[in-house]
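**Student:** This is the structure alone, sequence omitted:
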């Protein structure tokens, strides 16, 4: 067998704790991880602890957790969308807290500040993806 790698093959590099918890099962989602355009920050959902982690991307690609995870303003965050300094999260919700989309402002150092407006959805909705249109 050849020891050469195939084009497009994924290679495990390392594991990086996010400071949050997982649900223990598969998450029905799209974009649970996003990177800013500068390639310096990675944002990750933590569905089991209902929060978002911000990690610095170091030279060479290693990650460093920045501060404690930030509450996602809902239950079971599944998807993130980032445009400029705006980050939105799709929260799947549960029997008590309905699904929603919540927004945050991203400071240059990666600090997240909650936007007070929260877009509520109906019980039974299952948001698995949030995204920005081309014009924002």
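**Tutor:** Thanks, I have it. Everything numeric in this text was worked out from a predicted model, so none of it was measured.
**Student:** Now do the least confident helix or strand in the chain by mean pLDDT: which elements does it pack against?
**Tutor:** Using mean pLDDT, DSSP states H and E, strand 112-120 stands out as the lowest-scoring helix or strand of the chain, at a mean of 83. Contacts defined by 3 or more C-beta pairs under 8 Å, 6 or more residues apart in numbering; DSSP states H and E place strand 112-120 against strand 100-106. Placement of C-beta: from N, CA and C, glycine included.
**Student:** The strand it packs on vs strand 112-120, what angle?
**Tutor:** 160 degrees (axes from the mean of the first three to the mean of the last three C-alpha atoms, to 10 degrees).
**Student:** pLDDT of strand 100-106, averaged?
**Tutor:** Average pLDDT, strand 100-106: 94.
**Student:** Likewise for stretch 51-71?
**Tutor:** For stretch 51-71, mean pLDDT is 94.
**Student:** picking up where we left off before, which residues does the least confident helix or strand of the chain contact?
**Tutor:** Here strand 112-120 makes contact (C-beta atoms under 8 Å, 6 or more residues apart in numbering) with 52, 54, 70, 73-74, 86-87, 98-107.
**Student:** out of these, which are buried?
**Tutor:** Neighbour counting with 16 or more other C-beta atoms under 10 Å marks 52, 54, 70, 73-74, 87, 98-104, 106 as buried within the contacts of strand 112-120.
**Student:** follow-up on the earlier one: just checking: what are the partner strands of the least confident helix or strand of the chain?
**Tutor:** Strand 112-120 sits in its sheet next to strand 100-106 (antiparallel), going by DSSP bridges.
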